[in-house]
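# no sequence on hand, only this structure:
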């Protein structure tokens, strides 16, 4: 294999210039991680994205719930619609575009540990774990914040269980593929052609 980069995020001109390489892990090294591992972000960007996304999802919750509300004392349909729209905001946007709108605004995205886009199952796990991690009745965002700041890869519980990370897009831009990833990428077109 030649010294040429097989990174799909990298232009051929940038590959030739070693000054364009970005440090792994957002420029900091955490103990317990290898130097070539992708490390999530725990920056203020992620914090502000979480605030904006929660505001948008909460707005959708109330729109859905209030549009179905009646005078009955117990209303299951509005509650289910509200929770569904709240979780749906995260699930649909992360599945379809790889990030929520606020994450996109802050230059963040959700990726597998390998740097690839997440699967539907991984996004589902992340979304369902929000019920525990970002629940105003159970310490608010405290469980997620503690997990992000205490884990080597800056993952909340949903990320850890799903095998995902929230990373700056800049971390992916010049990330060289390992030989194993390059071989896998080269074999994919042959596999899909035979199906």
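Received it, and whenever you're ready, just let me know what you need. Keep in mind the model is a prediction, meaning the values are calculated, not measured.
# quick check: buried residues in stretch 47-66?
For stretch 47-66, a neighbour-count test (16 or more other Cβ atoms under 10 Å) marks 49-50, 52-54, 56-57, 60-61, 64-65 as buried. In short, each C-beta sits where N, CA and C put it, glycine included.
# which other residues reach that stretch?
With Cβ atoms under 8 Å, 6 or more residues apart in numbering as the contact definition, stretch 47-66 has outside contacts at 78-79, 81-90, 100-103, 105-106, 108, 134, 141, 144.
# spatially nearest residue to residue 155 (excluding sequence neighbours)?
Closest residue in space to residue 155, ignoring its immediate chain neighbours: residue 40 at 5.6 Å, by Cβ to Cβ, 6 or more residues apart in numbering.
# from residue 102, how far out is the one you found?
For residue 40, the distance to residue 102 (Cβ to Cβ, to the nearest Å) stands at 16 Å.
# repeat that for residue 157.
Separation of residue 157 from residue 102 (Cβ to Cβ): 20 Å.
# circling back: closest to residue 149 among the buried residues of stretch 47-66?
Residue 149 has its nearest neighbour among those in residue 50, at 13.1 Å by Cβ to Cβ.
# now residue 100, what are its backbone angles?
phi -80, psi 160 (degrees, to the nearest 10).
# how many neighbouring residues does it have?
When neighbours are defined as other Cβ atoms under 10 Å, residue 100 has 26 of them.
# what do you get for the one 4 residues further on?
For residue 104, the neighbour count with other Cβ under 10 Å is 15.
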